[in-house]
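J.: I would like to see how this sequence folds:
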Amino acid sequence: MRIVTVTAPGGSENLAIAEAPTPSVAPGELLIEVMAAGVNRADVLQRQGFYPPPPGISDVIGLEVAGTVAGLGEGVSGWHLGDPCVALLAGGGYAEYVNVPAGQVIPPPPGVELVSAAGLIEVAATVVSNFDHVHLEAGETVLIHGGAGGIGTFAIQYAKALGARVIVTAGTAEKLQLCRSLGADVALDYHDDWAEAVTQATGGAGADVILDIMGAKYLEANVGCLATDGRLVVIGLQGGRKGTLDLNRLLIKRATVTATSLRGRPVAQKAAVCTRVAERVWPLIANSAIKLAPETRFAFAEVAAAHQLLESGESVGKIVLVW
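T.: Numbers count the residues shown, from 1 in each chain. Modelled structure (predicted):
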């Protein structure tokens, strides 16, 4: 089978198509013939050498795929050869075939083309698990950084479906308009003083929940934007790993700062998240409460260009690789 290999940690020029043995299906797993794979920020970090796969996981990049069932492991039921599916992975997605624990495989959302579905499962699992983690509720205000990206475009719509008021940050007029079109109540240019704008937009109360992809760069400002009993959840470190945290400010607000990662969780936890996505999110897509974000497709042979686009900051929505 063909895979995408990283010849050496570094730039996108180190991505290449190579040959590898097709894996045999393992007990409790499904073998998937991959039609398409989503491209995520974690893929770039792994290529650069900063985000290695968990122990025992393939070193092939890729955290989400769509395709068809090509093999059934011992003990797996409810699936048939040829069934369409999407899967949440810990790695191995940039390949023509991949083995996945059965609990991390679900049918694609009804009415969604399989290639487009490849870019849904990871963002849906990330957003749903994190909003569950911080207990986002109807009537609360959520601040979403990176509103025009894959996570952001989904998070806006899911938060609105939960009944929340949504504030987002993004970097261009086009991206801000996209966020508004997806339901954002307030869209702020992050080049401006977005923290002050959040304070004004909330009448001084602050945001009940903040979903943050930036990490250290935004830490102080995010804590300043939190409401009383507010919850900041960090899911990315695009702005660095180490920041200053004013514990007294946190204490006065009775606020919470937490950070989560989906990739390294135990299989049972990821299976529960996938079940939650199928039960909660897929119906919202079926009834158009959540619409597909803009999507850019590349052939797998153009994987370097796909990574370059993601790193440029110019992409909106999802990037998908197709065999």
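J.: longest strand in this protein, please.
T.: strand 29-39 (DSSP state E).
J.: secondary structure class for residue 263?
T.: Three-state call for residue 263 (DSSP: H, G, I helix; E, B strand; the rest coil): coil.
J.: if we can go back for a sec, list the helices and strands the helix or strand just after the longest strand of the chain packs on?
T.: Following strand 29-39 in sequence order, the next helix or strand is helix 41-48 (DSSP states H and E). When contacts are defined as 3 or more CB pairs under 8 Å, 6 or more residues apart in numbering; DSSP states H and E, helix 41-48 sits against helix 303-312. (C-beta placed from N, C-alpha, C; glycine too.)
J.: close enough to count as contact, residue 209 and residue 131?
T.: Yes. Contact criterion CB atoms under 8 Å: residue 209 and residue 131 qualify, at 7.5 Å.
J.: where do the contact lists of these two overlap?
T.: Contact with both residue 209 and residue 131 is made by residues residue 142, according to CB atoms under 8 Å, 6 or more residues apart in numbering.
J.: between those two, which one's more packed in?
T.: residue 209 (25 against 20; other CB atoms under 10 Å).
J.: list the contacts of the helix or strand where the more buried one lies.
T.: Following DSSP H and E, one finds residue 209 within strand 207-212. Outside strand 207-212, the residues that touch it by CB under 8 Å, 6+ apart are 127, 130-131, 134, 136, 140-145, 151, 155, 164, 167, 198, 218, 222, 225-227, 229-236.
J.: at 7 Å instead, please
T.: If you take CB atoms under 7 Å, 6 or more residues apart in numbering as the criterion, strand 207-212 is touched by 130, 134, 136, 140-145, 155, 167, 198, 218, 222, 225-227, 230-235.
J.: what subset of those is buried?
T.: Buried positions within the contacts of strand 207-212, assessed by neighbour count (16 or more other CB atoms under 10 Å), are 130, 134, 136, 140-145, 155, 167, 198, 218, 222, 225-227, 230-235.
J.: apart from its chain neighbours, what residue comes closest to residue 51?
T.: residue 45 (3.7 Å; CB to CB, 6 or more residues apart in numbering).
J.: what are the ranges of the helices in this structure?
T.: Applying DSSP state H to the chain gives helices spanning 41-48, 114-117, 121-133, 150-161, 173-181, 194-201, 216-225, 247-253, 267-276, 282-286, 303-312.
J.: redo the ones you listed as JSON lines? Include mean pLDDT and distance to residue 65.
T.: Listed next are the helices of the chain as JSON lines, based on pLDDT from 0 to 100; distance: least, CB to CB, whole Å:
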{"stretch": "helix 41-48", "mean pLDDT": "96", "distance to residue 65": "12"}
{"stretch": "helix 114-117", "mean pLDDT": "96", "distance to residue 65": "10"}
{"stretch": "helix 121-133", "mean pLDDT": "97", "distance to residue 65": "8"}
{"stretch": "helix 150-161", "mean pLDDT": "97", "distance to residue 65": "15"}
{"stretch": "helix 173-181", "mean pLDDT": "96", "distance to residue 65": "26"}
{"stretch": "helix 194-201", "mean pLDDT": "97", "distance to residue 65": "35"}
{"stretch": "helix 216-225", "mean pLDDT": "96", "distance to residue 65": "31"}
{"stretch": "helix 247-253", "mean pLDDT": "94", "distance to residue 65": "39"}
{"stretch": "helix 267-276", "mean pLDDT": "97", "distance to residue 65": "13"}
{"stretch": "helix 282-286", "mean pLDDT": "97", "distance to residue 65": "17"}
{"stretch": "helix 303-312", "mean pLDDT": "97", "distance to residue 65": "14"}
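J.: of all those helices, which lies closest to residue 323?
T.: Among the helices of the chain, helix 114-117 comes nearest to residue 323, with 9.8 Å by CB to CB.
J.: which residues does that closest one contact?
T.: Residues contacting helix 114-117 (CB under 7 Å, 6+ apart): 35-36, 66, 84, 86, 108-109, 292, 295, 297, 320, 322.
J.: out of those, grab the one that's most surrounded.
T.: Going by other CB under 10 Å, residue 86 tops the contacts of helix 114-117 with 32 neighbours.
J.: give me the neighbour count for the residue nearest to residue 147 when sequence neighbours are not counted.
T.: Nearest non-adjacent residue to residue 147, counting by CB to CB, 6+ apart: residue 168, 3.0 Å away. For residue 168, the count of nearby residues is 31 (other CB under 10 Å).
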